[in-house]
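Student: sequence plus the predicted model coming up.
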Amino acid sequence: QVQLVESGGGLVQAGDSLRLSCAASGLTFSSYSMGWFRQALGKEREFVAVVSPNGSTYYADSVKGRFTISRYSAKITVYLQMNSVEPDDTAVYYCAASLARRRPSGQRDYSYWGQGTQVTVSS
């Protein structure tokens, strides 16, 4: 049974930093691209970032230069380092796993999803 468990969300102020974690189990971690998505209240879920099995990364334009995605195979965990956060970053952040080969950025590319962690950025 595949499980993805996010943690690290919370309430922060604009300009602060935050690190989200996603612990994976029940899958062959080295075979999956791991992505982060977010969904703000009243909006559709959107792609944030993805890291491939070989460590290459791809970001949404809205977070490029501020967020960094990484994976740590020994801990079967993927991270999202969020710097210089803005009120528009407020959302529930979801971790997801994909077997798609090339920079999966669509929700349909992902087979497994976590339950999400809330990030709230105050101005």
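Tutor: Nice, I can see it. Numbers count the residues shown, from 1 in each chain.

Student: give the residue spans of the protein that score low on pLDDT.
Tutor: Applying pLDDT under 70 to the chain flags no residue at all.

Student: report the beta-bridge partners for the residue nearest the centre of it.
Tutor: The residue lying closest to the centre of the chain (CA atoms, centre = their mean) is Trp36, at 2.2 Å. Beta bridges link Trp36 to Ala49, Cys95, judged by DSSP bridges.

Student: and stretch 49-68, C-alpha only, in PDB?
Tutor: C-alpha atoms of stretch 49-68 as PDB (Å, rounded to 0.1, in the frame of the first residue of the first chain):
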ATOM      1  CA  ALA A  49       7.600  21.500  -8.700                       C
ATOM      2  CA  VAL A  50       8.800  18.000  -9.600                       C
ATOM      3  CA  VAL A  51      12.100  16.100  -9.100                       C
ATOM      4  CA  SER A  52      12.800  13.100 -11.300                       C
ATOM      5  CA  PRO A  53      14.500   9.900 -10.200                       C
ATOM      6  CA  ASN A  54      17.900  11.200 -11.400                       C
ATOM      7  CA  GLY A  55      17.400  14.500  -9.500                       C
ATOM      8  CA  SER A  56      16.600  16.900 -12.300                       C
ATOM      9  CA  THR A  57      14.000  19.500 -11.300                       C
ATOM     10  CA  TYR A  58      11.300  21.600 -12.900                       C
ATOM     11  CA  TYR A  59       9.300  24.400 -11.400                       C
ATOM     12  CA  ALA A  60       6.200  26.500 -12.000                       C
ATOM     13  CA  ASP A  61       7.100  30.000 -13.000                       C
ATOM     14  CA  SER A  62       5.400  31.400  -9.900                       C
ATOM     15  CA  VAL A  63       7.800  29.700  -7.600                       C
ATOM     16  CA  LYS A  64      11.000  29.500  -9.700                       C
ATOM     17  CA  GLY A  65      13.900  31.100  -7.800                       C
ATOM     18  CA  ARG A  66      12.100  30.900  -4.400                       C
ATOM     19  CA  PHE A  67      11.300  27.200  -4.000                       C
ATOM     20  CA  THR A  68      13.600  24.200  -4.200                       C
END
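
Student: thank you kindly, that will do.
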